[in-house]
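>>> Have a look; sequence and predicted model below, questions after that.
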Amino acid sequence: MESDIYNSMGSGIAGCQVVVACFSLGYLESPNCMLELGFAQDLRKPIIPVFFFEEGEDITTLRQKYSKAFLIIAGKKYSDFKRWDALDSNWEAAFDNFVKEVECALNKVAPSAVVVPKSPLEVWLVPESFDADLEAYALEYVPGTRLWIVPALQAWTRTKERVMYLNGGAGTGKSLIVYSLTKNLPVTPLFL
């Protein structure tokens, strides 16, 4: 990770094949997120919008207030994961569409040419080795820091939310926070 946040953001967008833009009120209000979205458009990167708006947030009003961001994704198919329970068939259909959009963008093929496997989750759970990443994080991690995340994660498990969203600019330590969970989570399962 580069020490300059803007170099990190720029190189991340320039080096990616697809940009998944997770639209929420926080995303729309973030100057850095808007810079990344605009840069992705300038580079003609495929942008796949995903909506995570809270209940009661009026998307029509948000489209008027944050018209530039919505203009960039105009006409693009989006998946809305915030409004449905993960066990709902609507959520599964949204996930299937999301996987199809990613596959299309990566393979540069028409959506009709992509066949989603019976279980899209199987596509996402193909084992990947993160050993090199974990070794790098181990060198940067200072034991005893970032402990605030453990009670935050425990509190989240007692909610009905299906996703815990960790937000921060490039280089602010999100990966190290997640790494710290591997070192500081209690042995007792959180999901009882």
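Structure's in. What do you need?

>>> So I73 sits against F51, correct?
No: in this structure, I73 is not within contact of F51 by Cβ atoms under 8 Å, at 10.0 Å. Bear in mind the C-beta positions are built from the backbone N, C-alpha and C, glycine included.

>>> How is the residue positioned nearest the centre of the chain assigned, secondary-structure-wise?
What sits nearest the mean C-alpha location of the chain, by Cα atoms, centre = their mean, is C22, with 5.9 Å. Here C22 is recorded as strand under DSSP: H, G, I helix; E, B strand; the rest coil.

>>> What is the burial count for the spatially closest residue to it that is not a sequence neighbour?
Spatially, and ignoring its direct neighbours in sequence, C22 is nearest to V50 (5.1 Å; Cβ to Cβ, 6 or more residues apart in numbering). By the criterion of other Cβ atoms under 10 Å, V50 has 18 neighbours.

>>> what packs against the top helix by length along the chain?
When the chain is parsed with DSSP state H, its longest helix is helix 89-107. Helix 89-107 is packed against strand 47-51, strand 79-80, helix 120-124, with contacts defined by 3 or more Cβ pairs under 8 Å, 6 or more residues apart in numbering; DSSP states H and E.

>>> tell me the mean pLDDT over the second one?
Taken as a whole, strand 79-80 has an average pLDDT of 80.

>>> cool, and stretch 38-46?
When pLDDT is averaged along stretch 38-46, the result is 91.

>>> buried set for it?
F39, A40, Q41, K45, P46 (16 or more other Cβ atoms under 10 Å).

>>> Contacts only, for the second one.
With contacts defined as Cβ atoms under 8 Å, 6 or more residues apart in numbering, the neighbours of A40 are I13, V19, A21, I47.

>>> and it, what element?
According to DSSP states H and E, A40 maps onto helix 31-42.
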